[in-house]
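> A predicted structure for the sequence below; I have some questions about it.
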Amino acid sequence: MSMNGKPKFAMYWAASCGGCEIAVLNIHEKILDVDANFEVVFWPVAMDAKYKDVEAMPDEAITLTLFNGGIRNAENEAMAHLMRRKSKILVAFGSCACAGCIPGLANLSTREQIFEAVYDGVSTDNPMGLRPDFQWAAPEGNLHIPEFYPVLKTLDQVVAVDYYMPGCPPESHQIAAVVDLVIQALQGNATLPPTGSVIGAGTSTVCDECPRVRNVKTIQQFTRIQHLTEIDPNLCLLEQGIPCNGPATRSGCGALCPRANAQCIGCYGSSDSAFDFGARLMTAFASVIEGKEPAEIERVLDTLPDPVGQFYRFSLAHSLLRAAPLVLEEEEQYATHQH
Amino acid sequence: MMSKINHSTTERVGVYVCHCGSNIAGVIDVEAVAQWAAEHLKDRGVVIARDYKFMCSSLGQELIEKDIQELGLTRVVVAACSPHLHEATFRVACQRAGLNPYLCELVSIREQASWVHTDKHAATEKAKAIVSGGVERVLHHTPLDPLHVPIHPATLVVGGGIAGIQAALEIADAGFPVYLVEREPSIGGHMAQFDKTFPTLDCAACILTPRMVSIGSHPNVTLMTWSEVTNVAGYVGNFTVTVKKKARYINTDLCTGCGICQEKCPKKVIDDTFEAGLGYRKAVYTPFPQAVPKYPVIDHVNCTYFQKGTCRACEKLCPTDAIDFNQEDEIVTLQVGNIVLATGYDLFDARRVAQYGYARLANVFTSIEFERLSNAAGPTNGNIVLRDGVTVPKTVGIIHCTGSRDRNFNNYCSAICCMQSLKFAHLVKERTGATVYNFYIDIRTTAKAYDEFYQRVLEEGAIFVRGRVAEVTDASRMPNEEGKLIIQVEDTLAGLQRRIPVDMVILSVGLEPRRDSHEVAKLFGISCSSDGWIIEKHPKLDPVATMTEGVFVAGCAQGPKDIPNSVAQGAAAAARVLGRIQQKEIALEPVRASVDESKCSGCRICNGLCPFNAIIFHEDRMVTEVNPALCQGCGTCVAACPAGAISGTVFSNEQIFAQMEGLLLHNIEHPPLTEGVLA
Amino acid sequence: MNDTFEPVIIGFTCNWCSYRAADLAGTARVKYPPNIRLIRLMCSGRLDPTFVLKALASGADGVLITGCHPGECHYLEQNYKTLRRYLMLRRVLTQMGIEPERIKLVWASAAEGVKLAQEITDMVEQIRALGPFKPRYPMPLNPSEVVEVQPVAERGTV
C-alpha cells in the first residue's frame, strides 16, 4: 500500500498507436473513480515518471498495470519484465499486447524490409540514407539504442500475463466495468476471475450481439464494402459478400461495426475455444464459398485479395506460425543467436 | 492464455507392440520400440510397455486384460495392424477387463511402417513416433457409449417395381406395417411391360401379377400409387416422411375399377410410358388391365374437360359417381423406422447413338418397344411386325450394348442386355422364323441356366457376329440392300467388314440411373456415384445398406441387374429392415458432433454444410444444434465453426493435436503447449 | 539442398478412402519413404486449417491432405469443402512467405494404394528439395512462455 493507503495503478505503452490510452481517458467520469481508488504511480502518457522510479519500487508494489502494445524492441521487452516484476496484476491491455494487432502484421516482413519501407520509402526524406545503428562507438563512449527485434512478440510471449483485455482499443464501457470489478475486488466485494482469463469482453462471438438477419450462406464473391452502393441494413454482411469477421470474433463490443454498416474486422480476437483466429476465419469463409471445381473456387478467392490481412489483421503475432518463416541468412543467424 | 497443458498425467497407459509374427518384427525392432516407450513416455503416463508375438491372439488379448486389472491401466495403446482390422478386437478386450472400449487406441505400425519401408532403422524410429502419437492421443480419450435409438416398426418402401414389391411383401408377411409409395398409377414397374422373362421364358405377367395382387390386398401394406415422397426428416428408427398423393380425380372409395370411364373417354393419347409409344391409352386410364390398384387416373394435361372445360363423359357415365374433377393433391405424413429405396432405372435414350438411326429410321426399335411388340397384351397382340403394323420381318438384327460398355456413353455393363437380346432372338425365331443376327462384344451369361439358354438360341440357328456395329443406314449400295436397313459392322472373328441388310433392327439399350437420382439421393441423405447409381455401404459385404443408417437400397437403383437379383436384393433389404425392427433399437458409433450452445452465436456458417440434415437452427434461441442420430460423424462442421463451438467425439481437436505432437515427438523434445484464448 | 535433411511430413487421411489406400499399400508391400506420419480423420472435411498450421508450427516440414475423389466422398460432398479450405490455406501460406508446395492435396480412393505411395514419395522428394521449414519464431518461444502463471491469489492479496 502506498503512503496514502491507496493501491497503485500503472499504465504503459509499448509498440502500439496510443489508442488504448485514449480509450482509458474515454471512460469519462469513471476516471475519477480510478483516481479515488488508486494512486497512479506510473503512466508516461499522463504524468511524468522515470523508469528508475519504477525500478526503485519493491516487487509487486503496483496492484494493477495495464500494459498496452506489443514487444517490438529490447526496450519494450525490458519494460515488460520490469512491469511484470513490479505488478501484482499485469493486464495485456488491447489487441497489441494480447495478440500483436496491426504492428504484428510487420511479422510478414524482415527487419530489412521494414527499414527499407521506413527509411527509404517514397515519403521519407533521408538523403544520407541513414539507418539506425543499435550500437555505436562514439568518442564519448558506447552509445546504444534499443535493439529492433526480428519479430513483434505479444506480451505473454515474453512474460506471464494475468489477464487479457482485447480490443483495438478496448471499448470504454468495458474498461469502466473492469475498473469497477477490480475496485470491488479490492474492497472484498467481488472475486477476480481465474488467472489467464479474458476480461472486459464476452465469451461468444460478435454475431451474438449483431441484430442482422442471418440465413444459410453461400458466397459467390467477396466485395469490399466501399465498392457497394447499397448495403442491406438488416441482412448479415457476410451474406452480402462483405468479408465480415464477426462469426469468429469475440463478443463484447456490442457489434459496433456491423451496427454501423461496416464489417467486423476482428479486433477482439478469437473466442475462448479457438487455437488460431485466422484459421477459424479462413475455414469458415472457405466452407461457405461457392464452387466445386478448383477454377471456380479460385475465382471466388480472387475476390479476397489480402487473405492474411483479412484473417490475421489483429492476431498474426499470436497465431500458430506467428511470422513469416526465416528467409534471410542474416535473420537465421539472428534467431540462432537469440535462442 | 499461454498456460501450459498439464504436462504430468495421472492416467496409467499400457503400450503393447505386436510382432505379428515376422510381419512387423521382421522390419521393426519391436523390443526397442516397447523399451523406448517405457523409458521415454514414462512422463506421459506409460506404466507398462510390452511386445508380444501376436497381440490379436487370445493370449495377447489376455495380456492386456490382465494388465488392466492388475496394473490398473486407464488407457491402452496397441501398436499393430490397421484399426480397420482389429480395432474392434482390442476394444472388446478392454471392455471385458472393465475398461471403456473407447479408451483403447490401435495404431498401425504394420500397414504404415513395416510393410512399406525397407530401412529397418528408419522404420523402427517411425514406429516409435507412431506409438508416441497414440499415447498422446489416448490421453485425451473419454469414455463413450454407443448411441441407442429406438426403431419405429413401420417401413417405407419407395418404388413399386419387382424389387420394391418383394421387399414390401417380405416385411408385411413378417407382420409389420409397410407403406409402398409408387410414382406411377400402378405398381409393377418395368417387369409389367415384359412378355417373357429369361432364361425360363416364364410369362412376366403370370409371375408378377399375383405379387401385385398380394400387395393390393395385404392388410399390412398401405399402397400409395400416383404419389411421390417430397420430404424426409428424422433419422434411423424415427423418420418423418412427407408424401404427396397426386390428385387422381377419382374417388377411390366409390370406384369399382369397372373400366367404363376408360372405354367411354373420347380422348386418345399416345402411351409413351407403358406402351413405349407404340400404343394408345385414354385420358382417363390404368396403365394396363391388371394394374394394382384398379383405380384409373385422369391425366389432366390431356383430359378434354381440364383443357377445354367441356366433355365430362366419364363423369356422366360412371356408374358409381366416382369421378371427382375437384380433387386436389393430398399431403400425407408418415412415421417410419426404416426406408427401402427401390426406385429402379431409366432406359438409355437410343437417340444418343445417332449412327444407329433410332427415331430416324422407322424400323429401328428399342428393346422396350420390342418387349411391347412381342407381348400378347401389347399393341400388336404379340405379333412381331415392322413399324407399318403389318409386315413381318424376314431378317432381324439385334445390336447388343447400345449405350453400355461405351466410353462415349456409359462405361459400365448393363448386365441384362445379353440375356434380353438372346430372349429376343429366340422370340423372333419362334414367332416369325426370321433370320436373326446378334451383334455383340462379349456374351455374358453368367447366372444359373443362362449359358444353357445361349446354347439353345445358338442351336435354334441365330447368327452371332462379334463386333461393335458402326452404323445402321438405309443408304443401299447393292441391289440386295434396297429397301433394307444395312448394318455396317466389323466382324472381329472373321476379320472383315460386313454389311448385313435386315428388315428390323432391335437396339438392346442399356440401363441408366433414374434421371432424378441425384435429387432423390439428396432427399434421402444418401449418395450416388458420379454415374447416378445409389452407392451401397459396401459393394460386397453390405450391398443393400447405404451410408445413411436406416436407408436401404434394392434393385436397379443400386446398379443394373436382372429380375432374380432385384428380387434377391428386395428380400435382403427386407431382412435387414426386419432385423432392425426385431432389435427394437440400434446402437450407433458415438462419433458425433455437438454444439456448445453457450459458444454458438448463430452465425449459421455450418447450417448448409451437412448433407444428412443433422444441423438444425433454432430461430427462437438463435443457436444451432446437431442431431446426434442424424450426424454421421464426418466432422466437417466441427472444422468449419468460426467460434469453435462445435466439437466432435473420437476425433476432437485435442486428440488430433495431441497425436500430432506425439508423432512429431514434440511431446518429448518440448513440453506440450497449448494456446488458449485469443490465439 | 541438404543431403542429410530428412523431412517429416504429417499426412491427414480419410477413414474411408486414403487411410484404406495406405492399408492397401501395406498389404501390397508397396514401398515409400518413412518420412510421412499419418493421422486418421473420418473425412477430409474434418480438416481444420488449424491442423496444418499446428503441424508446421510443431516441427513438420510439410503436410499432406488426402481425401476421396470429387464426387466420391463417403459423406457425399464434404471433400469439396476440403478443396476450398486447401486452396484458401495455400493462398494464406503463400502470402506469409511459405512455399505453397509444403502443403499438398491428393485424392486417393481405397483402391489407389500405389498412387498414394507414389504421391508420398514425390512429396518427400519435393520437401527435401525445399529444405526444412524454419519458423522465424518457433514454439516454444522462450522460457517465460512455459513458465506456468502463478495464480494471482497465490501471490498475496491484492
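Sure, I can see it. Everything numeric here is computed off the predicted structure, so don't read it as measured data.

> low-confidence ranges in chain A?
A:1-4, A:327-339 (pLDDT under 70).

> all helices for it, in order.
Applying DSSP state H to chain A gives helices spanning A:19-25, A:30-37, A:51-56, A:74-86, A:95-99, A:101-104, A:111-119, A:172-186, A:256-259, A:277-288, A:294-302, A:307-312, A:329-338.

> before we move on, what about chain C?
C:18-27, C:49-57, C:78-95, C:113-130, C:143-146.

> Mind checking the ones you listed for the one nearest to chain B?
Chain B sits nearest to helix C:18-27 of all these, at 2.9 Å, using Cβ to the nearest Cβ. Where you see a C-beta, it was placed from the backbone N, CA and C, and this is true even at glycine.

> so how far is the closest one off the chain centroid?
17 Å (Cα atoms, centre = their mean, to the nearest Å).

> Mind pulling up the pLDDT for B:Lys4?
B:Lys4 is assigned 37 on the pLDDT scale.

> Find the helix or strand that B:Thr222 is a member of.
Using DSSP states H and E, B:Thr222 sits in strand B:221-224.

> Name the residues that touch that strand?
With contact meaning Cβ atoms under 8 Å, 6 or more residues apart in numbering or on different chains, strand B:221-224 is reached by B:160, B:168-169, B:172, B:177-182, B:187, B:215-216, B:243, B:245, B:292-293, B:332.

> Show me how to select, in ChimeraX, the buried members of those residues.
One line in ChimeraX is enough to select the buried ones among the contacts of strand B:221-224; burial here means 16 or more other Cβ atoms under 10 Å in any protein chain shown:
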select /B:160,168,169,172,177,178,179,180,181,182,187,215,216,243,245,292,293
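
> Among the contacts of strand B:221-224, which lie within helices?
Those of the contacts of strand B:221-224 mapping onto helices are B:Ala168, B:Leu169, B:Ala172, B:Ile215, B:Gly216, per DSSP H.

> Around the residue of chain A found nearest chain B, how many other residues sit close by?
Nearest to chain B, among the residues of chain A, is A:Ser273, at 3.0 Å (Cβ to the nearest Cβ). A:Ser273: 20 surrounding residues under other Cβ atoms under 10 Å in any protein chain shown.

> repeat for A:Asn189
9.

> what does B:Ser529 give?
By other Cβ under 10 Å, the residues close to B:Ser529 number 17.

> need the contact list for it.
Residues near B:Ser529 by Cβ under 8 Å, 6+ apart: B:Ile535, C:Gly71, C:Glu72.

> rerun at 10 Å
By Cβ atoms under 10 Å, 6 or more residues apart in numbering or on different chains, the residues touching B:Ser529 are B:Tyr412, B:Pro513, B:Ser517, B:Ala521, B:Ile535, B:Glu536, B:Gln558, B:Gly559, C:Gly71, C:Glu72.

> ok, and of these, which contact chain A?
C:Gly71 (Cβ under 10 Å from any Cβ of the partner chain).

> closest to chain A among the contacts of B:Ser529?
Of all these, C:Gly71 has the smallest distance to chain A: 8.7 Å, by Cβ to the nearest Cβ.

> any idea how far B:Ser58 is from that closest one?
C:Gly71 sits 44 Å away from B:Ser58, going by Cβ to Cβ, to the nearest Å.

> More neighbours: which of the two?
Per other Cβ under 10 Å, whichever of C:Gly71 and B:Ser58 has more neighbours is C:Gly71, with 16 against 9.

> where's the more buried one relative to B:Lys540, distance?
C:Gly71 is 21 Å from B:Lys540, by Cβ to Cβ.

> which residues touch the spatially most central residue of chain C?
Geometric centre of chain C, nearest residue: C:Val63, 2.7 Å, by Cα atoms, centre = their mean. C:Val63 makes contact with B:660, C:9-12, C:39, C:47, C:51-56, C:86, C:89, C:93, C:102-105, C:123, C:127, C:133, according to Cβ under 10 Å, 6+ apart.

> make it 6 Å
Contact analysis of C:Val63 by Cβ atoms under 6 Å, 6 or more residues apart in numbering or on different chains lists C:Ile10, C:Val52, C:Ala55, C:Ile103.

> Any chance of JSON lines for the residues you listed, columns pLDDT, neighbour count and distance to B:His117?
As requested, these are exported to JSON lines (pLDDT from 0 to 100; neighbours: other Cβ atoms under 10 Å in any protein chain shown; distance: Cβ to Cβ, whole Å):
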{"residue": "C:Ile10", "pLDDT": "98", "neighbour count": "26", "distance to B:His117": "17"}
{"residue": "C:Val52", "pLDDT": "97", "neighbour count": "29", "distance to B:His117": "25"}
{"residue": "C:Ala55", "pLDDT": "95", "neighbour count": "32", "distance to B:His117": "21"}
{"residue": "C:Ile103", "pLDDT": "97", "neighbour count": "22", "distance to B:His117": "23"}
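
> how near is B:Pro564 to B:Met191?
Remark: distance between B:Pro564 and B:Met191 (Cβ to Cβ) = 12 Å.

> more neighbours, those two?
B:Met191 (21 against 15).

> That one - nearest residue in space that isn't next to it in sequence?
B:Ile162 (4.8 Å; Cβ to Cβ, 6 or more residues apart in numbering or on different chains).

> now for the contacts of C:Val63, which pair is the farthest apart?
The most widely separated members of the contacts of C:Val63 are C:Ile10 and C:Ile103, with 10.0 Å between them, by Cβ to Cβ.

> Pull the number of nearby residues for A:Leu64.
Neighbour count for A:Leu64, taken as other Cβ under 10 Å: 25.

> Name whatever forms a beta bridge with it.
Under the criterion DSSP bridges, A:Leu64 forms beta bridges with A:Phe9, A:Ile89.

> so what's it up against?
A:Phe9, A:Ile89, A:Val182.

> pLDDT at B:Val677, what is it?
For B:Val677, pLDDT reads 32.

> Kindly report the same for B:Tyr454.
What the model reports as pLDDT for B:Tyr454 is 97.

> now, which of the contacts of A:Leu64 sits nearest B:Gly633?
A:Ile89 (43.8 Å).

> Confirm B:Thr142 sits in a helix?
No: counting by DSSP: H, G, I helix; E, B strand; the rest coil, B:Thr142 is not part of a helix but coil.

> I'd like the distance between it and chain C.
17 Å (Cβ to the nearest Cβ, to the nearest Å).

> Phi and psi next, for that residue.
For B:Thr142, the backbone dihedrals (degrees, to the nearest 10) come out as phi -130, psi 150.

> What distance do you get for it to B:Leu103?
Note on B:Thr142: its distance to B:Leu103, by Cβ to Cβ, is 8 Å.

> And for B:Ala123?
Computed as Cβ to Cβ, the B:Ala123 to B:Leu103 distance reads 28 Å.

> got it, and B:Ala521?
To B:Leu103, B:Ala521 is 37 Å away according to Cβ to Cβ.

> what's the neighbour count on the residue of the stretch 301-450 of chain B found nearest chain C?
Residue nearest to chain C within the stretch 301-450 of chain B: B:Asn411 (14.4 Å; Cβ to the nearest Cβ). Residues within reach of B:Asn411, counting by other Cβ under 10 Å, total 10.

> Kindly confirm my reading that it is in a helix.
No: per three-state DSSP, B:Asn411 lies outside any helix segment and is coil.

> Not counting residues beside it along the chain, what's closest to it?
For B:Asn411, ignoring the flanking residues on the chain, the nearest one in space by Cβ to Cβ, 6+ apart is B:Arg405 at 7.0 Å.

> same question, C:Leu89
In this structure, C:Leu89 finds its nearest non-sequential neighbour in C:Pro49, 4.7 Å apart by Cβ to Cβ, 6+ apart.

> Roughly how far does that neighbour sit from A:Tyr312?
Separation of C:Pro49 from A:Tyr312 (Cβ to Cβ) stands at 12 Å.

> Which of the two has more residues huddled nearby?
When neighbours are counted by other Cβ under 10 Å, C:Pro49 and A:Tyr312 differ, and A:Tyr312 comes out ahead with 30 against 25.

> Go through the helices of chain A and pick out the most buried.
helix A:95-99 (a mean of 34; mean count of other Cβ atoms under 10 Å in any protein chain shown).
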